[in-house]
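*Asks:* quick one, structure for this:
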Amino acid sequence: QVQLVESGGGLVQAGDSLRLSCAASGKTFGSYVIGWFRQTPGKERELVATIRRDGRSPYYADPVKGRSAISTDNAKSIVYLQMNRLLPEDTAVYYCAAAPYVTLRRASEFDYWGQGTQVTVSS
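*Replies:* Got it, this is the predicted structure:
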């Protein structure tokens, strides 16, 4: 079992930065893939970024590529998502998720989810 808790969301202005955190626990967490997803009302959950628990193989979806950085702090079992030059269209609830492995990085491949943290970007 893996437990995930997100934090760091809030209300910011366009052009600002935010760092989201995903605190993870669970005895099998060490080898997992961690993903950040986001969702707005009426839309499907959208992939933002993924990374292996050991910090390797970061991957970014096109909408955030070049503006975001995903990283891990293994000592603290935290995965970060640094988001820069935020846009109003980045407004969403952001979720972190974990899976032993993924192939297509789809939300359906992830087994464990946090409760989400709201990010609101005003124009």
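*Asks:* quick check: bridge partners of the residue nearest to the spatial centre of the chain?
*Replies:* In the chain, the residue lying closest to the centroid (CA atoms, centre = their mean) is Trp36, at 2.2 Å. Residues in a beta bridge with Trp36, per DSSP bridges, are Ala49, Cys96.
*Asks:* report pLDDT for it.
*Replies:* Here the pLDDT value assigned to Trp36 is 98.
*Asks:* just the helices in this protein please.
*Replies:* Counting by DSSP state H, the chain has no helices at all.
*Asks:* so, low pLDDT: which residues of it?
*Replies:* Low-confidence segments of the chain, defined by pLDDT under 70, are located at 27-30.
*Asks:* what is the burial count for the closest residue to Asp111 other than its chain neighbours?
*Replies:* Using CB to CB, 6 or more residues apart in numbering and skipping residues adjacent in sequence, the residue nearest Asp111 is Ala99, 5.3 Å away. Yep, even glycine has a C-beta here, placed from its N, CA and C like the rest. Close neighbours of Ala99, defined as other CB atoms under 10 Å, add up to 20.
*Asks:* which parts of this structure are strands?
*Replies:* Secondary structure of the chain by DSSP state E: the strands cover 3-7, 10-13, 18-25, 33-39, 46-52, 59-60, 68-73, 78-83, 92-99, 112-113, 117-122.
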